[in-house]
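Trainee: Got a predicted structure here, sequence first:
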Amino acid sequence: MSTTAPSTHKLSDTDLAALATRIKTWGRELGFQEVGITDTDLESHERYLERWLAAGHHGEMGFMAKHGTKRTRPEELVPGTLRVISVRMDYLPPEVETTKVLGKPDTAYVSRYALGRDYHKLIRKRLAHLAKRIEAEVGPIGYRAFVDSAPVMERALAQKAGLGWFGKNAMLIHPRAGSQFFLGELYTDLPLPTDAPFDTEHCGKCSACRTACPTDAIVDDKVIDSRRCISYLTIELDGAIPEQYREAMGNRVYGCDDCQLVCPFTRFTRVSQEDDFAPRHDLDRIALTRLFAWSEEEFLDKTAGSAIRRIGYVRWLRNLAVGLGNAPWSEAVEAALKARLAYPSDLVREHVRWALARQRDKRAQRIL
């Protein structure tokens, strides 16, 4: 994140319009698939957030309520902010299996956005470059770059900037790119002309995402109860995964893409041109037992520069134990779980015991 002195240049409306056009060109040159510009008025989204928080749908994500209205009023988070430059970047690597992996219960499924390098630093760096390009054109400006790193209503700002509409799964969907892309924002004090918001919704009567959600986390159109969501359970939740959701998790050990995969607009997904998003260590097709055998040192080494590292080794083992409990019975799976029965963490041991009980039941059924 970067901050510089406030803008001192007085640009005419014509100059600002021309600058906005150049900003979009520079953004595409930096690898963003689309750039939009919006103002800071998020009043309707603020009311939605208040209702969502009041319902407790954020679960243990206290940070969603911690900063008050700074999340929905950009000028309170970064004083002087007049506009937000919103960008999106495709993340799906080429030749990566998705639904096929979900159909292989002994293989780990990692959400496709997390297979390669952590996107936060990459996109923030590109946004900083964009800000420098602007400053080279008009002189010092006030700005700050964000990539899912502060109280920012990313999808709301992107919708207002014309980058897509909110689907029934609460994801931002673009009619020609689906929803498998990252978002980033550049708050600025430049009074740039704004783009028209994406007000047309194309979901219609389709409810494929709600039907496909393994844990029924989409409790209403555009409303997610995080406490039921597999992404929340495997990434944000600190403690034990509630037993009623473990079987439904299947082999999903980090995140979940189901509501995106069944969306009709996913067929328009464009593969990423970023080499950094390519899968590392066979994470797009690796066996659960192989991942469960990683030592903590291996985990830290192999997830260096990855979004996966943020959950830590204990939660990683917790998630994998659930995946192994859901896998078909095999001697290898049962042996892998037994090897972790004495692991120092109570959290890991409890999930291993649950998984072993499942495996023993499956073995008994196999014999019968």
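Mentor: That came through fine.

Trainee: only C-alpha atoms for contact and neighbour calcs from this point on.
Mentor: Noted.

Trainee: pLDDT weak spots in this structure?
Mentor: Scanning the chain for pLDDT under 70 picks out 1-9.

Trainee: Which residue lies nearest the spatial centre of it?
Mentor: When C-alpha atoms, centre = their mean is applied to the chain, the residue found nearest the centroid is residue 113 (6.9 Å).

Trainee: Can you tell me the SS state at that one?
Mentor: Under DSSP: H, G, I helix; E, B strand; the rest coil, residue 113 falls in the helix class.

Trainee: Next up, the contacts around it.
Mentor: 91-92, 180, 277 (C-alpha atoms under 8 Å, 6 or more residues apart in numbering).

Trainee: Contact partners for the residue nearest to residue 67 when sequence neighbours are not counted?
Mentor: Leaving aside its chain neighbours, residue 67 sits nearest to residue 151 (6.8 Å; criterion: C-alpha to C-alpha, 6 or more residues apart in numbering). Counting by C-alpha under 8 Å, 6+ apart, residue 151 makes contact with 63-64, 67, 70-71, 77.

Trainee: do the same with residue 23
Mentor: Residue 23 touches 130, 134, counting by C-alpha under 8 Å, 6+ apart.

Trainee: Check which helix or strand it maps to.
Mentor: helix 13-29 (DSSP states H and E).

Trainee: what does residue 297 give?
Mentor: Here residue 297 is assigned to helix 296-302, by DSSP H and E.

Trainee: Quick one: list the elements packing against the following helix or strand past that helix.
Mentor: Next helix or strand after helix 296-302 toward the C-terminus (DSSP H and E): helix 312-326. In this structure, helix 312-326 packs against helix 243-249, strand 252-254, helix 288-292, helix 296-302, helix 331-338, helix 346-367, with contacts taken as 3 or more C-alpha pairs under 8 Å, 6 or more residues apart in numbering; DSSP states H and E.

Trainee: How far off centre is the helix or strand following the helix holding residue 23?
Mentor: Using DSSP H and E, the helix or strand that follows helix 13-29 towards the C-terminus is strand 34-38. When distances are taken as C-alpha atoms, centre = their mean, to the nearest Å, strand 34-38 is centred 20 Å away from the chain's centroid.

Trainee: Report the inter-axis angle for strand 34-38 versus helix 13-29.
Mentor: 150 degrees (axes from the mean of the first three to the mean of the last three C-alpha atoms, to 10 degrees).

Trainee: from here on, count from 50
Mentor: New numbering, starting at 50: the last item is strand 83-87.

Trainee: contacting residues around strand 83-87?
Mentor: Under C-alpha under 8 Å, 6+ apart, the answer for strand 83-87 is 73, 76-77, 132-138, 206-207, 209-212, 241-246.

Trainee: from the residues you listed, which ones fall inside helices?
Mentor: Counted as lying in helices by DSSP state H, out of the contacts of strand 83-87, are 73, 76-77, 206-207, 209.

Trainee: what are the C-alpha coordinates of stretch 123-133, in CSV please?
Mentor: C-alpha atoms of stretch 123-133 as CSV (Å, rounded to 0.1, in the frame of the first residue of the first chain):
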residue,chain,number,x,y,z
PRO,A,123,-13.9,5.0,1.4
GLU,A,124,-13.3,8.7,2.3
GLU,A,125,-13.3,7.6,6.0
LEU,A,126,-10.7,4.9,5.4
VAL,A,127,-8.5,7.2,3.2
PRO,A,128,-9.3,10.9,3.8
GLY,A,129,-9.5,12.8,0.6
THR,A,130,-10.6,9.9,-1.5
LEU,A,131,-12.9,11.0,-4.4
ARG,A,132,-12.7,8.1,-6.8
VAL,A,133,-11.9,4.4,-6.8
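
Trainee: Give the buried residues for that stretch.
Mentor: 123-124, 126-127, 129-133 (16 or more other C-alpha atoms under 10 Å).

Trainee: I'd say residue 401 and residue 389 touch.
Mentor: Yes: Residue 401 lies in contact with residue 389 (C-alpha atoms under 8 Å); the separation is 7.0 Å.

Trainee: So which of those two has more stuff around it?
Mentor: More crowded of residue 401 and residue 389, by other C-alpha atoms under 10 Å: residue 401, with 29 against 18.

Trainee: Fine by me, we can end here.
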